[in-house]
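K.L.:
this one's structure only:
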């Protein structure tokens with residue numbers, strides 16, 4: 001049986017752990033060749049090695065997604081090696097807690113640079129190499145790009161920007177007849193290593209209380225798994241989503257229904 005991403009060349013940023021790693025692994029399972037990039041090159045290499053050990057096709061590369069010049073270099077490398085790029089997942093991101101009064105301008109700018117500017121640069125670079133043959137661009141936003149949270153002012157702004165920028169890019173590609181789909185994914189509370197490590201640093205009672213509070217606010221009763229997001233990205237990467245562009249795929253256990 002043909003796998004859903006057979007012969008597709010895919011790029012996942014921030015793929016050294018968490019959502020990016022799960023997405024890269026899922027893509028490889030469905031036949032894609034995956035390029036994994038991360039600012040932590042060793043983690044990306046470990047993730048790529050795990051994929052190849054399971055019979056998948058993957059390679060890792062260091063990438064600072066805020067480096068504009070390197071986006072062109074990366075795309076040139078991919079085209080030279082594979083002749084095409086079919087899918088990009090702009091996943092790399094940071095979160096620096098802080099409300100509107102506490103957030104420094106430096107923290108604000110760093111958050112926008114990684115979460116929004118890099119998505120713009122990645123999308124622009126992908127359009128340049130995809131427009132002759134088409135492709136799928138998947139931008140990772142968040143439910144916090146749809147609803148607000150008082151202590152993540154910069155993060156809310158960046159992810160909200162990703163949401164609307166994605167629609168603009170989708171409309172442009174459609175108007176130009178590029179056959180490029182551009183969609184955003186909006187994860188809810190997902191139990192990633194970053195979340196687990198953050199909870200582990202709390203006093204056990206505080207960590208337990210936080211988990212109970214979060215789970216109580218999710219209609220399905222618990223945080224999601226990175227695989228839940230990876231499967232959503234897989235759908236958008238595959239030809240099954242050929243009639244979707246400018247859409248928001250919310251995967252949050254019902255959190256934003258309330």
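P.N.:
Cool, the structure landed. Just so you know, these numbers come straight off a predicted model, no measurement behind them.

K.L.:
which other helices and strands contact the host helix or strand of residue 127?
P.N.:
Secondary structure from DSSP states H and E places residue 127 in helix 118-130. Where contact means 3 or more Cβ pairs under 8 Å, 6 or more residues apart in numbering; DSSP states H and E, helix 118-130 is packed against strand 9-13, helix 68-82, strand 87-90, strand 135-140, helix 153-176, strand 180-187. Where C-beta positions appear, they are placed from N, C-alpha and C, glycine not excepted.

K.L.:
as CSV, these with mean pLDDT, distance to residue 101 and mean neighbour count would be great.
P.N.:
Converted to CSV, those look like this (pLDDT from 0 to 100; distance: least, Cβ to Cβ, whole Å; neighbours: other Cβ atoms under 10 Å):
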stretch, mean pLDDT, distance to residue 101, mean neighbour count
strand 9-13, 98, 32, 28
helix 68-82, 98, 32, 15
strand 87-90, 99, 30, 28
strand 135-140, 99, 28, 27
helix 153-176, 98, 9, 19
strand 180-187, 98, 27, 26
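
K.L.:
right, and the helix or strand after the strand or helix carrying residue 49?
P.N.:
Assigned by DSSP H and E, residue 49 belongs to helix 41-53. Note on helix 41-53: by DSSP H and E, the next helix or strand toward the C-terminus is strand 57-62.

K.L.:
name the strands paired with that next one and say parallel or antiparallel.
P.N.:
Using DSSP bridges, the strands paired with strand 57-62 are strand 33-38 (parallel).

K.L.:
and the angle for the partner strand with helix 118-130?
P.N.:
Angle, strand 33-38 to helix 118-130, by axes from the mean of the first three to the mean of the last three Cα atoms, to 10 degrees: 150 degrees.

K.L.:
pLDDT score for residue 47?
P.N.:
At residue 47, the pLDDT value in this model is 98.

K.L.:
how many residues are close by it?
P.N.:
Neighbour count of residue 47, defined by other Cβ atoms under 10 Å: 24.

K.L.:
shouldn't it be in contact with residue 18?
P.N.:
No - here residue 47 does not reach residue 18: they are 10.2 Å apart, not a contact under Cβ atoms under 8 Å.

K.L.:
list the contacts for residue 122?
P.N.:
Applying Cβ atoms under 8 Å, 6 or more residues apart in numbering, we find residue 122 in contact with 13, 65, 71, 88, 90.

K.L.:
those residues into JSON lines, with extra columns for distance to residue 158?
P.N.:
Converted to JSON lines, the contacts of residue 122 look like this (distance: Cβ to Cβ, whole Å):
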{"residue": "13", "distance to residue 158": "15"}
{"residue": "65", "distance to residue 158": "13"}
{"residue": "71", "distance to residue 158": "18"}
{"residue": "88", "distance to residue 158": "18"}
{"residue": "90", "distance to residue 158": "12"}
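
K.L.:
which one of those residues sits closest to residue 174?
P.N.:
Lowest distance from residue 174 to those (Cβ to Cβ) belongs to residue 88, with 17.4 Å.

K.L.:
one step back: just want the angle from the helix holding residue 49 to strand 9-13.
P.N.:
Calculated by the same axes, to 10 degrees, helix 41-53 forms an angle of 150 degrees with strand 9-13.

K.L.:
so which elements touch helix 41-53?
P.N.:
Contacts defined by 3+ Cβ pairs under 8 Å, 6+ apart place helix 41-53 against helix 18-29, strand 33-38, strand 57-62.

K.L.:
ok now the last one, how far from the chain's centre?
P.N.:
Once both centres are worked out by Cα atoms, centre = their mean, to the nearest Å, strand 57-62 turns out to sit 16 Å from its chain's centre.

K.L.:
do me a favour and average the pLDDT over that strand.
P.N.:
98.

K.L.:
do the longest one as well
P.N.:
Mean per-residue pLDDT for helix 18-29: 98.

K.L.:
pull the distance from that helix to the chain's centre.
P.N.:
The chain centre lies 10 Å from the centre of helix 18-29; the measure is Cα atoms, centre = their mean.

K.L.:
residues in contact with residue 193?
P.N.:
Counting by Cβ under 8 Å, 6+ apart, residue 193 has contacts 17, 18.
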